[in-house]
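Asks: using only what follows, build the 3D model:
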Amino acid sequence: QSGSKTCGVRIGNSFYSVVSICLVEDRQPIGNRIREHSMPIRAVLFDKDGTLLDYHRTWGPINLAAAEIAANGDDLLADRLLALGGMDRASMMTRPGSLLAAAHTIEIATAWVEAGSPLPLAELAGRLDALFTASATGSVPIGDLDACFSALRTAGLTLGIASSDNEASIRLMLDHLGLA
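Replies: Below you'll find the predicted structure:
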């Protein structure tokens, strides 16, 4: 069952089982899957990158551009910064849990300044944040998110997105994908 994931989420004192049911390809109606749970589901909280978006296709080019900004024209430094961030330039793949996959802009900028970026921390963080926000319009969805979100909203569920990205980039991504 491609894309099927089950997990639990604690909200306040309640525990909710969450299934990323919209990405399952067995064509079982979504409503049937929701009713199968013994505990009522009231909300679904999605992780953005890797769950809603194809991480590598979305972030590979952005991470490359970020390293080039930080390296300020030094290709060898850009390669070192990408490696430090957890990305392989040849494959355009980023390791799960790595700096580029899991850290916030200021954490990435700090690590890259410490590793030799010639840009001052505040300038680099600002330029990376601007790049990351503007790049939200290039987000590559994993599947038909409109159908998924519509079905879940029709079922009366509250939807949310968790990310270390800033709120502006999440809203821009939602607008870009027609999900706002």
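Asks: residue 150 falls within a helix, correct?
Replies: Yes. Counting by DSSP: H, G, I helix; E, B strand; the rest coil, residue 150 is found in a helix.
Asks: show me the contacts for it.
Replies: Shown in contact with residue 150 (CB atoms under 8 Å, 6 or more residues apart in numbering): no residues. Placement of C-beta: from N, CA and C, glycine included.
Asks: heads up, I number from 32, so please use that
Replies: From this message on, residue numbering opens at 32, which makes the last subject residue 181.
Asks: if I look at it, what pLDDT would I see?
Replies: pLDDT for residue 181: 90.
Asks: and the one 5 residues further on, by the same measure?
Replies: Residue 186 carries a pLDDT value of 89.
Asks: what about it, how many residues nearby?
Replies: Neighbour count of residue 186, defined by other CB atoms under 10 Å: 15.
Asks: how about residue 129?
Replies: For residue 129, using other CB under 10 Å, the count is 15.
Asks: quick one, phi psi at the closest residue to residue 125 other than its chain neighbours?
Replies: Once flanking residues are discounted, residue 125 sits nearest to residue 118: 4.3 Å by CB to CB, 6 or more residues apart in numbering. When read as degrees, to the nearest 10, the backbone of residue 118 gives phi -110, psi 140.
Asks: quick one, what contacts the spatially most central residue of the chain?
Replies: Centre of the chain computed as the mean C-alpha position; nearest residue by CA atoms, centre = their mean is residue 80, 2.1 Å away. Contacts for residue 80 (CB under 8 Å, 6+ apart) come out as 86, 89-90, 132, 194.
Asks: partners of it in the sheet?
Replies: Residue 80 has these beta-bridge partners by DSSP bridges: residue 84.
Asks: how far away is it from residue 72?
Replies: For residue 80, the distance to residue 72 equals 23 Å [CB to CB, to the nearest Å].
Asks: returning to that earlier point: now do the contacts for the residue nearest to residue 125.
Replies: Going by CB under 8 Å, 6+ apart, residue 118 touches 91, 94-95, 98, 124-126, 129, 131.
Asks: let me have the residues you listed in TSV, adding distance to residue 174 and pLDDT as columns.
Replies: Converted to TSV, the contacts of residue 118 look like this (distance: CB to CB, whole Å; pLDDT from 0 to 100):
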residue	distance to residue 174	pLDDT
91	19	96
94	23	97
95	25	97
98	29	98
124	20	95
125	21	96
126	24	95
129	25	95
131	24	96
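Asks: no further questions, thank you.
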